[in-house]
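Engineer: okay, sequence plus prediction incoming.
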Amino acid sequence: MRDDNWDLVVVGAGPAGSTAAIAALRADPSARVLLLDTADFPRDKVCGDGVAPHALDVLAGLGVAVPDLVAGTTPVTALRLVSPNGARAGRSFARPASVVPRRLFDARLVRAARDAGAVLRRHRVRALVERDGVVLVDGVLGARTVIGADGAESVVRRQCGAGGAPAGTVALALRGYTAAGAWPAAEQRLVMTGAHWPAYAWVFPVGDGTANVGYGELARTPPPTRAELTARLHDLLPGLPPVPLRGHRLPLSPGRPDVAHGRVLLAGDAASLINPLTGEGIYYAVLSGALAGAAALAPDPAGSYRRSLRHALGRHLRHTDVLARLTRRPRLVDLATAAARDDRRAFDRLVEIGLGAGTLDFPLAAAVIRAAVTGAGVRGTTS
């Protein structure tokens, strides 16, 4: 790579990185923004592919054409839950979600970033050094600010000295694609299990005749084998035919993630911003990318980014951290599922906590308590 100087270098061109580039250029259209990625686009990325409407709201606010992002897919209008001990709840979403394979979603966001003025190069970053107010990337690129959006195994996170995921906060998951005919076309499904808890399988229909299916659980020592994870997926989704599967690690969010060091900011999976209750990461990626990009060219990028992220997600992250600890006992999840079954408001609040920036509030807590008092914790369903 040739010697270059940039206002912003973004490492990783997934949802967090591309959104960061778009946000920086929206804040200053004259900024010189470089996107680096190890892959050519389009490329596959192991993920559940679920895109909450909250993520699309952030992108629309940055001027991204949302219909282009979700083209070729069908809105998902409902969610069906099965709790670890068999409580069942099925209701429509307050707002439809989307399932967009990352091969499409990421390539479309990269195109939006390039249309906004970002330059994309293929390059694997190996080293960062901050010197005299400039971040040197591999000794040949100079940037006022660097944003690390290079995923769960982030090189930028390690190079800037940020802490990794604490023990007990990493999940393992397998994902594949299969024909969607066995499941409702516009319904997401989560099937939880008390065995190896916390753990669940999912079915996310794309709307093109296929579905994203997978299984995830909290990592343990010794780790389960691929064959064991595959068997657990098929146990929870009986009738699922053999399907090629790919695996990945998910660094789940702590209550106060380490997101900035000097002139280096972290976004998305690189900042361990993955919902510890659901494994959802695209909304966090897009939102943190937008906030990092907006802060990147400020006089104090780290301070600006920390403040904006704390304002947007701080209370939510603290609540999900506490709830993740509480729900290590599956009984609470049984009760929450029963509450969602019996109370529309409880269902909507649980969706906001799992897919957006919701928090535990009194109406949700009251609904869970009612489920416990009435003994409605398991068995039963709504249509």
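Structural biologist: Nice, I can see it.
Engineer: only C-alpha atoms from now on, for both contacts and neighbour counts.
Structural biologist: OK.
Engineer: ok, now which ones touch Val119?
Structural biologist: By CA atoms under 8 Å, 6 or more residues apart in numbering, Val119 lies in contact with 33-35.
Engineer: give me the subset of those lying in strands.
Structural biologist: Those of the contacts of Val119 mapping onto strands are 33-35, per DSSP state E.
Engineer: find the centremost residue of this structure, please.
Structural biologist: In the chain, the residue lying closest to the centroid (CA atoms, centre = their mean) is Gly281, at 0.4 Å.
Engineer: how about it: what's its closest non-neighbour residue?
Structural biologist: The shortest distance from Gly281 to any non-neighbouring residue, by CA to CA, 6 or more residues apart in numbering, is to Ile274 (4.6 Å).
Engineer: circling back: who wins on neighbours among the contacts of Val119?
Structural biologist: Compared across these, Val33 has the highest neighbour count, 28 neighbours, by other CA atoms under 10 Å.
Engineer: mind checking which helix or strand Leu287 is in?
Structural biologist: helix 282-295 (DSSP states H and E).
Engineer: now do that helix, average pLDDT.
Structural biologist: The predicted model assigns helix 282-295 a mean pLDDT of 98.
Engineer: after it, which helix or strand is next? Please name it.
Structural biologist: Next along the chain after helix 282-295, taking DSSP H and E as the criterion, comes helix 301-326.
Engineer: is Leu35 in contact with His123, as I believe?
Structural biologist: No. Leu35 lies out of contact with His123 (CA atoms under 8 Å); the separation is 9.4 Å.
Engineer: how long is stretch 157-173 from one end to the other?
Structural biologist: Criterion CA to CA, to the nearest Å; first-to-last residue distance in stretch 157-173 is 22 Å.
Engineer: in it, what's buried?
Structural biologist: Buried residues in stretch 157-173, counted by 16 or more other CA atoms under 10 Å: 157, 160, 162, 164-165, 169-173.
Engineer: from those, pick the one nearest Gly139.
Structural biologist: Of all the buried residues of stretch 157-173, Cys160 has the smallest distance to Gly139: 14.8 Å, by CA to CA.
Engineer: from what I can see the closest one touches Leu128, true?
Structural biologist: Yes. Applying CA under 8 Å, one finds Cys160 in contact with Leu128, separated by 7.1 Å.
Engineer: tell me what the helix or strand harbouring Ala338 is packed against?
Structural biologist: Assigned by DSSP H and E, Ala338 belongs to helix 330-342. If you count contacts as 3 or more CA pairs under 8 Å, 6 or more residues apart in numbering; DSSP states H and E, helix 330-342 packs onto strand 88-99, helix 344-355, helix 362-374.
Engineer: now with 6 Å?
Structural biologist: Judged by 3 or more CA pairs under 6 Å, 6 or more residues apart in numbering; DSSP states H and E, the packing partners of helix 330-342 are helix 362-374.
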